[in-house]
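# After the sequence you'll find the predicted model.
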Amino acid sequence: MRHTLRLQITFGLALALTSGCISVKLSTDSSAKRAEGVTYKDPASPFAKEDRTDVDAAWKNTQNGNMLSFLTECQAASDPTLDTIVQGTLRGLNELTIENSDKTSFQGREARRVLALGKVDGVQSKIDLLTFKRNNCIYILSYFGVAKSFAQDHSHFDRFVQGFRAP
């Protein structure tokens, strides 16, 4: 339960629209590590890689602030459910509406794909999440943006997901 509370508080999408980012941290558990051996292809322009410590990797559309990122946590002290991880992730959105929520499979593992709408600092925002577990690791792939420009870059996230490989 302690891990879940940390997940909800720290993952709570420190969504700062001024920087168009998702700030994600699953826990403060010092035994938790980032996944090694993950492979992916960087999103194409207009996305540019950001140097961030709160996620494994992040890219920002320099024209509209939309953000694509992924976060991993391995060998944590507890094992939250995929639904708990998703709930903690979306906690930072006010007036939350789930537009689509699918139980799916990703790389042969159970996964959750969620599309949600909500407000951050009074601005209508949208997020697409793919969450799964593999080999004692949690993976959260996310795409976040202002609702009015979200569709513009959504295909970049779909391509990123298709090329993402967890060890």
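Yep, that arrived.
# Now do the strands in the protein.
Remark: strands assigned in the chain by DSSP state E are 47-50, 57-61, 67-74, 94-106, 109-120, 123-134, 137-146.
# how about those in JSON lines, adding distance to Y40?
(C-beta placed from N, C-alpha, C; glycine too.) Compiled in JSON lines, the strands of the chain are given as follows (distance: least, Cβ to Cβ, whole Å):
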{"stretch": "strand 47-50", "distance to Y40": "12"}
{"stretch": "strand 57-61", "distance to Y40": "7"}
{"stretch": "strand 67-74", "distance to Y40": "7"}
{"stretch": "strand 94-106", "distance to Y40": "13"}
{"stretch": "strand 109-120", "distance to Y40": "16"}
{"stretch": "strand 123-134", "distance to Y40": "12"}
{"stretch": "strand 137-146", "distance to Y40": "9"}
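# I'd like the ones you listed written out as a markdown table, with mean neighbour count and mean pLDDT added.
Shown next, in a markdown table, are the strands of the chain (neighbours: other Cβ atoms under 10 Å; pLDDT from 0 to 100):
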| stretch | mean neighbour count | mean pLDDT |
| --- | --- | --- |
| strand 47-50 | 15 | 96 |
| strand 57-61 | 21 | 96 |
| strand 67-74 | 24 | 94 |
| strand 94-106 | 12 | 96 |
| strand 109-120 | 18 | 96 |
| strand 123-134 | 21 | 95 |
| strand 137-146 | 23 | 95 |
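# out of those strands, nearest to D83?
strand 109-120 (6.8 Å; Cβ to Cβ).
# How far off centre is that closest one?
9 Å (Cα atoms, centre = their mean, to the nearest Å).
# So what touches it?
Contact partners of strand 109-120, identified using Cβ atoms under 8 Å, 6 or more residues apart in numbering, comprise 13, 15-17, 82-83, 85-86, 90, 92-105, 124-134, 147.
# in the longest helix seen in the chain, what's buried?
Longest helix in the chain by number of residues, with DSSP state H as the criterion: helix 147-163. Residues of helix 147-163 classed as buried: S149, F150, D153, H154, H156, F157, F160, V161 (neighbour count, 16 or more other Cβ atoms under 10 Å).
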